[in-house]
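Colleague: structure here, sequence nowhere to be found:
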DNA sequence: GCCAAAAGTGTAAGCGCTTACAATTTTGTC
DNA sequence: GACAAAATTGTAAGCGCTTACACTTTTGGC
């Protein structure tokens, strides 16, 4: 095999008959480049299939040409959808997508933050997916000088796309209450150390408050986003002796797990227990799972676009925006009136 | 924010009283460094909190420190699992993981191959997941000089990890035949342009052959790996007028889709139709889907390890190995004796 | 002790890019 | 047309690291 020499900016310069410097400027759409030069460079570059070396560019002070997506886990349906949608946007904008999964582990998460400065040398931007941040972590992220955007993270000093989690949870809970249930259990996301401090939990509680009901601690359990997580959580709830007549799971997969656990304990849905999730997973229709639908791929793509925009204007100050996409209650067969 | 000057290897060299070169060697544990020098360098480095600049190191050293995972889609359960498992291995070995999803689109796939040489400048290795390769594509991959490894790709000139797809499909089909079914339909993977040329299809056909049955073309349909893909495929099968008494789907998610479509057409499982999938998705237990289980994360991790090994010894010639992991038939409730 | 081989260390040339700043060309004005 | 200002392009100096190769020190056999 012949080791073909890497195509460098020098090659483009020679082919286009211009200097390296002009090529560099043209390629980055900097001002002070004539239309003609611009055209020549573009032509030469595409003819040679030139792509700047991320390392060299970074070393010299430019960007790396890649962005990282940071997700609590890469396997849950929501994240896989969002990641792929974002990857598409990044690819179209010429960025490589580096995947960083925290694998739902505190140690890995700590490691991520302690390695942040290093990561900052290897990527230009970070797309954060549903990471529940402590103030010091927000600070660390801002300090590292990367372009930032996120999905599903309220109240952060960078662009965010999400749904109104509190409202969505309220919708789900309200649905359950409207069916006459008052012994409600909740599988709350355990991404936050305190499961009662997530927006979805707040929505759940608010709905109860409005009906002058209180949340019984035994009816609250933390759960990860996977089917197994949901199953474990529901099993624990049951083994505590909790006997809710309805359950709100923070995502559909956790709800699937809850369905599994309930059946394993001889409880039938919706006869004995109503169950509602959130997401509208493709399986939910088949299973008849009531849920609150949210646009997942849209959120990933939208946030990725915002990040790309930030990447282009990283120097200009910017007022962070927060975009809320709509959610919709979908009543199916796992929820019914309390008998 | 004060932009503090970054600590460079130069600083470490000065503090330790040695040359940059010796520091560089000491830091990377290369031979020809005295114990004393090693100690001095380590001390100086830790005192200064020195971390090598990834960009500079890559520029000088040739390596990029990242590998790409190429998957037909990133959203299907199998791929999400494999990707996360591989990402973990790569991370532990100090590599960044670049995600490339072909999104099941021929155009993107073509683009990937035409951009391959470029990608080769941005990563050190490629982990290919279930990509059905034409001979020219194999050649292109080998020519690009990257370390290679794959999951689920038989007969390639690099290390591969997979299951015996043909056998696994045979196991599933054999199970159906053993239950007395002979009008068998198959949702075959459409990753290959000809759906009857995949290993799983061959296993399906071989089982039929052994029972002196032939495959009716109307009972064969291509399907992607998602639930919706399976649903569409099964719907098409039905709309053709095909009335199989049993269906083999190339993966569990496609089987879930088939289940959905069957129910939509008033066919009950397993009363009217038996269904078997492949993977053992976490939902399969709950749904009672019979399937052939395969270790998914193991395959991703195993192949990632093989790639890391290749990365370290990229210069040394190497005899490609093909590792087959075991599969296991799991009989549940979607398959029953033909009545 | 002597000398060659081995071990340890230093010098300097890049890797491919960005960016002051200098040099050149174009533009606009009177 | 002449000339200054503006626009464009080129020169050259790094960015922080690795590595071939030269150089110095240590080792060990006789």
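Modeller: Arrived safely, thanks for sending. Fair warning: this is a prediction, and the values are worked out from it, not measured in the lab. Numbering: from 1, shown residues only, chains lettered A, B, ... in the order given.

Colleague: near DNA strand C, which residues of the stretch 1-150 of chain A? Just list them.
Modeller: A:6, A:8-10, A:20-21, A:24-25, A:27-28, A:50, A:52-53, A:56-57, A:59-62 (Cβ under 7 Å from any atom of the strand). From N, CA and C alone the C-beta is placed, and that goes for glycine too.

Colleague: buried only: go through those for me.
Modeller: Buried residues within these, counting neighbours by 16 or more other Cβ atoms under 10 Å in any protein chain shown: A:8, A:9, A:24, A:25, A:27, A:50, A:52, A:53, A:56, A:57, A:59, A:62.

Colleague: what subset of these is also close to DNA strand D?
Modeller: Answer for those near DNA strand D (Cβ under 7 Å from any atom of the strand): A:25, A:56, A:59.

Colleague: can you give the distance of stretch A:224-232 from its chain's centre?
Modeller: How far stretch A:224-232 lies from its chain's middle: 18 Å, per Cα atoms, centre = their mean, to the nearest Å.

Colleague: can you tell me the centre-most residue of chain A?
Modeller: By Cα atoms, centre = their mean, chain A has its centre lying nearest to residue A:129, at 2.6 Å.

Colleague: contact partners for it?
Modeller: By Cβ atoms under 8 Å, 6 or more residues apart in numbering or on different chains, residue A:129 lies in contact with A:69, A:70, A:71, A:72, A:79, A:82, A:83, A:150, A:151, A:152, A:300.

Colleague: quick one, what contacts the residue nearest to it when sequence neighbours are not counted?
Modeller: Excluding the flanking residues, the one nearest residue A:129 by Cβ to Cβ, 6 or more residues apart in numbering or on different chains is residue A:71, at 4.4 Å. Going by Cβ under 8 Å, 6+ apart, residue A:71 touches A:79, A:82, A:83, A:99, A:100, A:101, A:102, A:129, A:130, A:131.

Colleague: and the pLDDT for residue A:71?
Modeller: With respect to pLDDT, residue A:71 scores 97.

Colleague: could you give the bridge partners of it?
Modeller: On the basis of DSSP bridges, residue A:71 is bridged to residue A:101.

Colleague: could I get the full set of strands for the stretch 1-150 of chain A?
Modeller: Using DSSP state E, counting those that start in this stretch, the strands of the stretch 1-150 of chain A run over A:66-71, A:96-101, A:125-129, A:147-151.

Colleague: so which of the ones you listed gets nearest residue B:195?
Modeller: strand A:96-101 (30.2 Å; Cβ to Cβ).

Colleague: relative to the whole chain's centre, how far out is that closest one?
Modeller: That offset, for strand A:96-101, works out to 12 Å (Cα atoms, centre = their mean).

Colleague: same question for stretch A:227-238.
Modeller: For stretch A:227-238 - counting by Cα atoms, centre = their mean - the centre lies 23 Å from the chain centre.

Colleague: kindly report the same for stretch A:45-53.
Modeller: That offset, for stretch A:45-53, works out to 32 Å (Cα atoms, centre = their mean).

Colleague: got the domain ranges for chain A?
Modeller: A:9-52, A:66-162+A:296-323, A:165-294 (automatic domain parsing).

Colleague: on that earlier part again, and the contacts of residue A:129 as TSV, adding distance to residue A:243?
Modeller: TSV is the format used below for the contacts of residue A:129 (distance: Cβ to Cβ, whole Å):
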residue	distance to residue A:243
A:69	41
A:70	39
A:71	35
A:72	31
A:79	33
A:82	36
A:83	38
A:150	38
A:151	36
A:152	32
A:300	38
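
Colleague: picking up where we left off before, can you add pLDDT and give the ones next to DNA strand D among the buried ones among the residues of the stretch 1-150 of chain A next to DNA strand C back as a markdown table?
Modeller: Shown next, in a markdown table, are these (pLDDT from 0 to 100):
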| residue | pLDDT |
| --- | --- |
| A:25 | 93 |
| A:56 | 89 |
| A:59 | 87 |
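
Colleague: hmm, residue A:69 is touching residue A:96, no?
Modeller: No. Assessed by Cβ atoms under 8 Å, residue A:69 is found out of contact with residue A:96, at 10.9 Å.

Colleague: and those two? Which one has more around it.
Modeller: Using other Cβ atoms under 10 Å in any protein chain shown as the criterion, residue A:69 and residue A:96 rank with residue A:69 on top: 29 against 23.

Colleague: which residue packs closest to the more buried one, ignoring adjacent ones?
Modeller: residue A:127 (4.7 Å).

Colleague: residues in contact with the lowest-mean-pLDDT helix or strand in chain A?
Modeller: Taking mean pLDDT, DSSP states H and E as the measure, the helix or strand of chain A with the lowest value is helix A:116-122, at a mean of 81. The contact list for helix A:116-122 (Cβ under 8 Å, 6+ apart) reads A:58, A:64, A:66, A:68, A:98, A:100, A:112, A:126, A:140-141, A:144-146, B:51, B:53-55, B:65-66, B:96.

Colleague: try 6 Å
Modeller: With Cβ atoms under 6 Å, 6 or more residues apart in numbering or on different chains as the test, helix A:116-122 has contacts from A:64, A:140, A:144, A:146, B:51, B:53, B:54, B:55.

Colleague: and the two most separated of these?
Modeller: A:140 and B:55 (20.6 Å).

Colleague: which one's more surrounded, the two?
Modeller: residue B:55 (22 against 15).

Colleague: quick one: residues contacting residue A:235.
Modeller: residue A:261.

Colleague: any idea how far residue A:258 is from it?
Modeller: 9 Å (Cβ to Cβ, to the nearest Å).

Colleague: around DNA strand D, pick out the residues from the stretch 51-200 of chain A.
Modeller: A:56, A:59, A:60, A:61.

Colleague: for residue A:288, list the residues it contacts.
Modeller: Counted by Cβ under 6 Å, 6+ apart, residue A:288 has contacts A:332, A:333, A:334.

Colleague: sorry, slip of the keys, the one I care about is residue A:275.
Modeller: Taking Cβ under 6 Å, 6+ apart as the test, what residue A:275 contacts is A:247, A:255, A:258, A:269, A:334.
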